[in-house]
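K.L.:
give the three-dimensional model of this entry:
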Amino acid sequence: MTHLIRALAFTLLSATSAAAQQAPVVVELFTSQGCSSCPPADKMMHELAGRSDVIALALHVDYWDYIGWKDEFAHPRNAERQRDYARHANRRSIYTPQMVIMGQTDIVGAKPIKLSDAIAAYKNKPQPVQVSLTREGDTIRISAVATEGKAGPMVVHFLRYQPKREARITRGENKGHTFQYANVTENWTILGDWDGREPLTMAAEAPGDFPAVVLVQAPDNGPIYGAAQLK
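P.N.:
Residues are numbered from 1 along each chain as shown. Just a heads-up that it's a prediction; the model follows:
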């Protein structure tokens with residue numbers, strides 16, 4: 001009987017570890033409609049949005065609005081999040097376009113080879129938190145477990161995104177162009193804190209058909225420990 005219990009425990013542990021390794025990799029793009037360097041990176045987001053192993057999120061920032069075009073998708077919290085990433089990485093400035101992978105690795109501009117390598121590297125690392133989501137009407141049920149004994153302060157983020165949005169730019173650096181944007185984030189909220197010692201259960205209201213995403217992250221927008229999405 002003891003051998004059977006050990007075998008079952010090993011099977012469950014192996015299954016959890018495999019699931020952690022297959023968890024999606026979060027790629028955040030900090031971009032702006034008023035940035036002439038951003039369209040190539042915005043285009044890459046359409047490709048990332050179609051991948052099942054990636055959660056692609058476009059965070060439009062407002063700090064280029066002064067040069068002639070106000071980004072209608074921008075929100076001040078996106079620039080604050082980017083500043084937190086810069087502070088953790090000991091960088092003095094923020095810029096667009098910038099991609100941040102799992103809250104840790106940053107890539108300047110649209111560099112598909114570097115991005116592919118970064119995604120592959122994180123896919124091969126077991127994520128310390130496994131997150132799962134289910135929908136019940138207009139409610140998202142959230143479950144999470146620390147898969148590697150991860151314990152300590154963590155923050156649970158909830159957000160929605162619109163898979164496709166279009167903007168016709170009439171002023172500024174991109175004047176005269178119409179762009180299609182992928183996975184534009186909105187309604188970003190903090191659901192609460194979690195110490196990882198016990199399994200997490202939460203719920204979030206999510207009316208409508210837009211995809212929902214949950215990130216479990218270190219405080220002050222540190223590393224992302226686990227994530228899930230419902231499209």
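
K.L.:
so residue 165 versus residue 135, what's the distance?
P.N.:
Going from residue 165 to residue 135 by CB to CB, to the nearest Å gives 22 Å. The C-beta positions use only the backbone N, C-alpha and C, and glycine is treated the same way.

K.L.:
and these two? Which one has more around it.
P.N.:
Between residue 165 and residue 135, counting by other CB atoms under 10 Å, residue 165 is the more crowded of the two (17 against 11).

K.L.:
for the more buried one, what is the enclosing helix or strand?
P.N.:
Using DSSP states H and E, residue 165 maps to strand 154-168.

K.L.:
okay, residue 149: pLDDT?
P.N.:
On pLDDT, residue 149 comes in at 70.

K.L.:
got it, and residue 14?
P.N.:
pLDDT, residue 14: 40.

K.L.:
let me know the average pLDDT across the strand holding residue 165.
P.N.:
Here the average pLDDT along strand 154-168 is 98.

K.L.:
tell me what that strand is packed against?
P.N.:
Here strand 154-168 touches strand 54-60, strand 139-146, strand 178-194, strand 200-205, strand 212-217, going by 3 or more CB pairs under 8 Å, 6 or more residues apart in numbering; DSSP states H and E.

K.L.:
repeat the analysis, applying 6 Å as the threshold.
P.N.:
strand 178-194, strand 212-217 (3 or more CB pairs under 6 Å, 6 or more residues apart in numbering; DSSP states H and E).

K.L.:
backbone phi and psi for the residue minimising distance to the centre of the chain, please?
P.N.:
Nearest residue to the geometric centre of the chain (CA atoms, centre = their mean): residue 26, 4.2 Å. For residue 26, the backbone dihedrals (degrees, to the nearest 10) come out as phi -90, psi 120.

K.L.:
where in this structure is pLDDT low?
P.N.:
1-21 (pLDDT under 70).

K.L.:
wouldn't residue 159 be in contact with residue 190 here?
P.N.:
No: look at residue 159 against residue 190 with CB atoms under 6 Å: they stay out of range, at 10.0 Å.

K.L.:
and these two? Which one has more around it.
P.N.:
With neighbours defined as other CB under 10 Å, residue 159 and residue 190 compare such that residue 159 has more, 20 against 10.

K.L.:
check which residues of the strand holding residue 165 are buried.
P.N.:
By 16 or more other CB atoms under 10 Å, the buried positions in strand 154-168 come out as 154-161, 163, 165, 167.

K.L.:
tell me the angle it makes with strand 139-146.
P.N.:
Angle, strand 154-168 to strand 139-146, by axes from the mean of the first three to the mean of the last three CA atoms, to 10 degrees: 130 degrees.

K.L.:
give me the contacts around strand 154-168.
P.N.:
Strand 154-168 is contacted from outside by 33, 178-181, 183-189, 191-194, 196, 204, 210-217, 219, using CB atoms under 6 Å, 6 or more residues apart in numbering.

K.L.:
then stretch 206-223?
P.N.:
Against stretch 206-223 from outside (CB under 6 Å, 6+ apart): 55, 81, 84, 88, 103-104, 129, 131, 138, 140, 142, 144, 153-162, 224-231.

K.L.:
how about that stretch: buried residues?
P.N.:
Buried, per 16+ other CB under 10 Å, within stretch 206-223: 206, 211-218, 221-222.

K.L.:
so what's the gap between it and the chain middle?
P.N.:
Relative to its parent chain, stretch 206-223 has a centroid offset of 7 Å by CA atoms, centre = their mean, to the nearest Å.

K.L.:
pull up the distance across it, start to finish.
P.N.:
End-to-end distance for stretch 206-223: 25 Å, by CA to CA, to the nearest Å.
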